[in-house]
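>>> Predicted coordinates and the sequence they were generated for:
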Amino acid sequence: MRRALAPGLVGAVVVVLVALPLFLTPYPISLVTRILAFGLLVVSVDLLTGVTGLPSLGQIAYFGVGAYTAGMVGVHVTDNLVVQLAAGVALAALFALVTGAFVVRTSGIVFLMVTLAVGELTHRLADGLDAVGGSNGLAGIPPGTVLPGGEPLLIAGFVYWWVLAVFLLGMAVALVVSRSPLGRAMRGVREAEGRLPALGQRTYAVKLAAFVVAGAVAGAAGTAWTAQNRFVSPGDLAFSVSAIALLSVVLGGAGTLWGPLLGAAVVIVVRDELAAYVAGYGELLLGILFVVAVYALPRGIAGSRLRRVPSVRPA
Amino acid sequence: MTALLEVEGLTLRYGAVTAVDDVTLTVAEGSRHALIGPNGAGKSSLFSVLAGATRATAGTVRFGGDDITSSDEVARARAGLVRTYQHSSLFLRLSVLDNVRLAVERRSGRPLRPWPSPRADRRVTAAADDRLAQVGLADRRREPVSSLSHGERRQLEVALVLACEPRLVLFDEPTAGMSAAETTRFLELVEGLPRDITTVVVEHDLDVVFRLADRISVLAAGRLIADGSPEEVRADPAVNEAYLGVADGREALFTDSPEAGRP
Amino acid sequence: MRTRRLAPAALLSTAALALAGCGGGSLSEDSGGGGDDSVTVGLVLPASGVYEPLGVDMTRGWELYLEQNDGQLGGRDVEVVTADEGEGPDVGVPATTRVITQDQADVVVGIVNSATALGVKEGLASSEVPLIVANAGADDLADGGEWVWRTSFTNGGIAASLGEQVAEDVGDEPVYLMASDYAAGEESIAGFREAFEAAGGTVAGESLTPFGTTSDYQPFLTRAQNSDAGAIYAFYAGAEAVSFVQQYREFGAAEDLPLYGPGFLTEGGVLEAQGDAAEGVQTAMHYSNLLDTPENTEFVDAYVEAYDAQPTTYAVQAYDAAAALDAALEVSDGTSGADIAAALGEVGEFSDSPRGPWSFDEEHNPEQTYFLREVEMVDGAPGNVVQGELN
Amino acid sequence: MGWLDANLISVLNGFALAALLFLIAVGLSLVFGTMDVLNLAHGSLSLIGAYLGVALVDEDASLGVFVLAALLAAAVGAALGAALAAMTSAINDHLRQALLTLGVALIAADVLRELFGSDPERVSAPAALAGSVDVLGRPYPVYRLSVVAVAVVIGLVLYVVLERTQAGAIVRATVADRGMVEAIGIRSQVVLLGVFGVGAALATLGGLLAGPVLGARPGLDSTVLLLALVVVVVGGLGSVRGALLGALLVGQVQTLGVSLLPGQASYLLFGAMALVLLLRPRGLLPSPYAHAGGHA
């Protein structure tokens, strides 16, 4: 089945990523920074959608909680990024636990729509809460520091390194979980949710655990987003971001974790970078990309070494 | 011999339809019990109630002395009352090994542990491999289930069930759709199960039933009309009549189509 | 299998190598352009999303000024790099980041969305790049800080200019306030309420209407009609303004409740779509294409000739942003961001703007005249006819 | 003024909105029920209908012109629906369908923007239905009242066709079990093409009829798509009656609900949806024929 990527390869990729600021100028490095933060959000969507088989349009809510928490901690408490990360992840996981307790009772299209509702309600809450800046967003977040009393990170390359660290941490959590007994149970839910109870396993517990882990990873992604932009606005929590995140998963190859990451990179590069050459047509390019991908890459960018399984409908 | 499963006055109604009507029966520990009956007799309904997938309208079910009438599927499985599925319901895109590991982990590991632990994982894998060897699938352990044949999938079903360390296994028409060779292999597998695992088989194929069972319960129109050794049941005129409505029952008993029996 | 597993690394390293062609590294402070005598302007305007019509008008206003000045500002050659602001900060902030880091812009002009403007404010300040806001109206965006200048308006300012006039018009009757439920709407209502109540007016009620669902204002219009209000003050823009004014007419509110609001309610393409439904709506704005001054007539003629369309307030804001930059570069010592920001403080009054004379106040917002406009049919099409000055 | 007097107009307006939502959403629901395709380009179909209104119906258009435009919109919709059916027929996975149809929607949005510009446009009601009549002492737009009538007629026709005709029986059977319909020799591809065509035609027709109420503008496609999704999921996927109930509920939430709880207006729609789905995951009136609507 899904064999681990060769450790050597992973190591090489990490080395390249760490070395990037040595030869990339500030703009490309900020682009890669954005891809990493958004990519981590997409990985959290993949944990639910690809690994557990629960298509989610709601991870943006936990991303938002992480991002706003980091911002609020930055404005009111401390500019220490480690504290912001911890607070963001903790609150996002807590929010995922509270909402997930209800949400994971559903599955399939209904899960998709309930998570959409959670995402939209969070979006509107951010828009309406003056304490977090309302529709104008939360501005005035000071540049972060890594060590207490250390130098604030103002230079693109250093901000990138922090975001990379958060990314690697989140990615490690996702990989570890996906290879754990919980990960196996999550794939079990995806493959045959109805079968697990007959083995004595409550799917509710598995789904809720997956939801909380995914929420925490999305929260980490949110704090990374804030660390880079030093600004959060309700626009970051829009339905379109959720949709693009979900489609990045499909584009990359659901369930593989690294495939959706590539999907996220392709989407950001196409929408934000290529689009700069044809101003105003970013969405057109994205649309063409999606349509072409469906036919040209039937199993996503990551491909799949599995034989295609004929889809079996539950009777 | 002590009773492992005791069913008393079990009734299941869907609106005006009574699918299971006041059934009382006992499954002895270590027995090879079979549940048969003509089309629409209520076998599947009874099976579903015993497995905990459907809630009975009335009556009680005791398992190992405990009242499990209101326990759900999960609680019954944990207590050692485990079912198989008529249509293979496996984790198709997971490997054969992972399918069994899911069951082993539930039983003897920490199924929700969110990190791998080499030692615990080795133990689980070893236990899973034992089960696979037991059902003869050791050489397919790395394959995805989707690449298994129908018969192999039924073998894997058995491995999954065994991994749950059951005291009683409910088989739901296990040989439906199998070739003759597959059926033979499957029967050998079930016959080879240790005696501390009790089995209850719901089955259409009477050859299978009479080869496996040491005790047979017969349902007709939701009621239990006979309950005894294979010889007693074979000789029971009520059984023959229920199956046929005509004098010679044996023909029909063998030509029953497996599909038509489901409500 | 081997090759497939290599795919991510291959992709990443190719990307890295390709990008490395840009040379450099990103571990040192970046001072951002300024080295030579020409000026790089980052023009960040929406080319997609709901604000695209504003982006079109503003690009035209900007280009018209440059054309009229032979592509030079303050006697220096200007290189313009454009970026799509999109609909919100999620697109606009990275776009702005690109023009200042990648394109090394010395100054950024544009920004329609207030959230985007607030989102880029810090980054621009820390990069020492001045921002000339040509639309975004958030009240505290320009606060006298060194790097932000605004040629448009403040939400509260426009709203406040109407207060006294409406109080006078309605006499004893109260006014019902309505606005789209986001920051600009709240600021607009707050600004109006303060000035209106100071002038002796009373408020009958207030509704903030939700965004982006059905744009159905009937429940709120009915509330206004059921109140004892004698007039409505409303803040809407774009498609919302079209729906609102149309429903204001259809549900009969127009029959007994005169409608007042900031000029976005009936500006440009919005007014075209509203057609005669907008007749009689009275708005406050710092410009109207029907303003009868020699400066404006000349501007409108040139604009119509160039684009075969009537100019809007948005176009004038961008036109004046170019004028402000022109004036600043005229007196500036150099072309670095800091030079330009310092020079913007010395430009004085703009006396030949199409909107009439204006200057930067101490918070760097425009000190300007607001006009009371009323929608009337002019040559068969609705237009914002200027009724007089507000202040 | 009594509570009823004050809110009756909101209730009435809720019905008008529900009528439009029903027309647009019912196609989405049927296509999902029969083809198992979640068509995210559904909102684009409606926007195309609205822009057809912009192009064909001018301010003093007669009722005849409006009806012709409506028929043309339906025809265009049917053709586009057939094309979408062909595009999605080979793709069984819901997520890849979503990728494909959302891609189509993004492309359609930019094409429409090229053709009609990005300014919001108004779609005129036919001259005969312009203006307002007094309802309970307040002016109410005649056009909205007519929309309710049209929706009732179309809803009845749909109901009769689905429940009382041979074609309807085949469609119902396809909802229940696609394989079985093929087994008895009916080419389900034809059924699916037909349903997609009709569903899309209703979407464009609904879009055109909604024009004088909602206008035509970039972005309206996704607004309409979200609303239609809420309507069909709340009502129960694959069922005409469900779509109707969902539309009625969403219509009232958006008018009466907003009028009673103005402070919570922004949260009402999605809050209501979340509540319904948590209590009744398959929607209020799931199709009696449909397989469990839960799987993705």
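The structure has been received and is ready for your questions.

>>> Quick check, central residue of chain C?
For chain C, residue C:135 is the residue whose C-alpha lies nearest the centre (Cα atoms, centre = their mean; 1.8 Å).

>>> so what's it up against?
Listed by Cβ atoms under 8 Å, 6 or more residues apart in numbering or on different chains, the contact partners of residue C:135 are C:54, C:58, C:110, C:111, C:112, C:152, C:314, C:317. From N, CA and C alone the C-beta is placed, and that goes for glycine too.

>>> Now do the contacts for the closest residue to the fourth one other than its chain neighbours.
When the adjacent residues along the chain are set aside, residue C:111 lies closest to residue C:117, with 4.5 Å between them (Cβ to Cβ, 6 or more residues apart in numbering or on different chains). Contact criterion Cβ under 8 Å, 6+ apart gives C:111, C:131, C:133, C:136, C:138, C:141 as the residues in contact with residue C:117.

>>> quick check, residue C:117 in a strand?
No - counting by DSSP: H, G, I helix; E, B strand; the rest coil, residue C:117 is not part of a strand but helix.

>>> so what's it scoring on pLDDT?
Predicted confidence (pLDDT) at residue C:117: the value is 95.

>>> Also the one 4 residues further on?
Note for residue C:121: predicted pLDDT of 92.

>>> isn't it right next to residue C:129, touching?
No - the criterion here is Cβ atoms under 8 Å, and residue C:121 misses it with residue C:129 at 10.8 Å.

>>> what's the overlap in contacts for these two?
Common contact partners of residue C:121 and residue C:129 (Cβ under 8 Å, 6+ apart): residue C:147.

>>> These two: which has the busier surroundings?
Taking neighbours as other Cβ atoms under 10 Å in any protein chain shown, residue C:121 and residue C:129 compare with residue C:129 leading, 28 against 24.

>>> how much space between residue C:112 and residue D:167?
Separation of residue C:112 from residue D:167 (Cβ to Cβ, to the nearest Å): 52 Å.

>>> More neighbours: the two, which one.
With neighbours defined as other Cβ under 10 Å, residue C:112 and residue D:167 compare such that residue C:112 has more, 28 against 13.

>>> wait, that one sits on residue C:57?
No - using Cβ under 8 Å, residue C:112 is not in contact with residue C:57, being 10.1 Å away.

>>> How many neighbouring residues does residue C:369 have?
Neighbour count for residue C:369, taken as other Cβ under 10 Å: 16.

>>> Just to check, it is in contact with residue C:286?
Yes - Residue C:369 is within contact range of residue C:286, at 6.9 Å (criterion: Cβ under 8 Å).

>>> need the contact list for the nearest residue to residue C:66 once chain neighbours are set aside.
Using Cβ to Cβ, 6+ apart and skipping residues adjacent in sequence, the residue nearest residue C:66 is residue C:322, 6.3 Å away. Listed by Cβ under 8 Å, 6+ apart, the contact partners of residue C:322 are C:61, C:62, C:65, C:66, C:69, C:73, C:109.

>>> go on, residue C:348?
By Cβ under 8 Å, 6+ apart, the contact set of residue C:348 is C:327, C:359.

>>> tell me which residues in stretch B:194-202 are buried?
Buried residues in stretch B:194-202, counting neighbours by 16 or more other Cβ atoms under 10 Å in any protein chain shown, are found at B:197, B:198, B:199, B:200, B:201, B:202.

>>> Where do the strands of the stretch 151-263 of chain B begin and end?
Taking DSSP state E, counting those that start in this stretch, the strands of the stretch 151-263 of chain B run over residues B:168-172, B:198-202, B:215-220, B:223-228.

>>> And the ones you listed: which comes nearest chain D?
With distances scored as Cβ to the nearest Cβ, the stretch of the strands of the stretch 151-263 of chain B nearest to chain D is strand B:168-172 (19.9 Å).

>>> related to what we said a few turns ago, intersection of neighbour lists for residue C:369 and residue C:286?
Common contacts of residue C:369 and residue C:286 (Cβ under 8 Å, 6+ apart): C:355, C:358.

>>> So which bits of chain A are right by chain B?
With Cβ under 8 Å from any Cβ of the partner chain as the criterion, chain A meets chain B at residues A:1, A:176-177, A:179-185, A:187-188, A:190-192, A:194-202, A:205-206, A:209, A:213, A:306-307, A:309, A:312, A:315.

>>> Got a quick PyMOL command for the buried subset of the residues you listed?
A single PyMOL command is used to select the members of the residues of chain A next to chain B judged buried by 16+ other Cβ under 10 Å:
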select buried, chain A and resi 177+179+180+181+182+183+184+185+187+188+190+191+192+195+196+197+198+199+200+201+202+205+206+209+213+306
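
>>> Now, the residues of chain A next to chain B that are in helices?
A:176-177, A:181-185, A:187-188, A:190-192, A:205-206, A:209, A:213 (DSSP state H).

>>> Low-confidence stretches in the chain?
No chain in the question, so chain A it is. For chain A, the stretches with pLDDT under 70 are A:1-5, A:279, A:303-315.

>>> oops, I was thinking of chain D
Residue ranges of chain D with pLDDT under 70: D:1-3, D:178, D:185, D:288-296.

>>> ok, 50 please
Along chain D, the parts satisfying pLDDT under 50 run over D:291-296.

>>> Pull up the gap between the residue in it positioned nearest to chain B and chain A, please.
Closest contact between chain D and chain B, by Cβ to the nearest Cβ, is at residue D:93 (12.7 Å). Going from residue D:93 to chain A by Cβ to the nearest Cβ, to the nearest Å gives 7 Å.
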